[in-house]
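Chemist: Quick one, structure for this:
(3 chains)
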Amino acid sequence: MSATPPSIYDHILAVVCQIPRGRVASYGQIAWIVNAPTPRMVGYALAGLAAGSDVPWQRVINSQGGISPRGDPGGSGRQRKLLEAEGVEFGPNVRVDFARFGWDGPDPAWLAERGYTLLPWPGKRNSSRPARRGRQ
DNA sequence: CTTATGACGCGCA
DNA sequence: TTGCGCGCCATAA
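Modeler: Below is the predicted model:
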């Protein structure tokens, strides 16, 4: 196995890999699924990705449906092009409508297989002891 | 051991 | 409505 110890980043990336083509998810949504302490962790995880990685990082956008600076270096629209190539449409404000292209979340079977437990959506996750799942 | 950095989200004025 | 600031935690050096 890999010598790299399992970290929260691995969980985040694993979920990101589950986002189907033509769909997008927000940092907050990913954070919610893996029960990350904050959406920032998701961004940090993606920041550590190597160029040419197999992780569909492009499908992760902010809660506003917009693209983060790192996904659009120099306003090149890199991330936008990748998403458009997958069929994702952008609004006039370079914004994606989650109601249309938002990801519904990973398959229950996939979650169960990993032992994930989804909590109620808008409600804040148990900040006390969210029972760090994934790899015990 | 401490310090610095980092792809967000939300509240408040 | 817009803009600004804070909190959040993990990793690397």
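Chemist: interface residues of chain A facing DNA strand B?
Modeler: A:26-28, A:38-47, A:49, A:57, A:62-64, A:68-71, A:79 (Cβ under 7 Å from any atom of the strand). Heads up, the C-betas are built off the backbone N, CA and C, glycines and all.
Chemist: residues contacting the residue of chain A found nearest DNA strand B?
Modeler: Sorted by distance to DNA strand B under Cβ to the nearest atom of the strand, the residues of chain A start with residue A:46, at 2.0 Å. Contacts for residue A:46 (Cβ atoms under 8 Å, 6 or more residues apart in numbering) come out as A:12-13, A:16, A:55, A:57, A:60, A:70.
Chemist: I'd like the list of those residues that fall within strands, please.
Modeler: In this view, those that belong to strands under DSSP state E are residue A:60.
Chemist: Next up, identify which helix or strand the residue of chain A closest to DNA strand B is on.
Modeler: In this assignment (DSSP states H and E), residue A:46 forms part of helix A:39-47.
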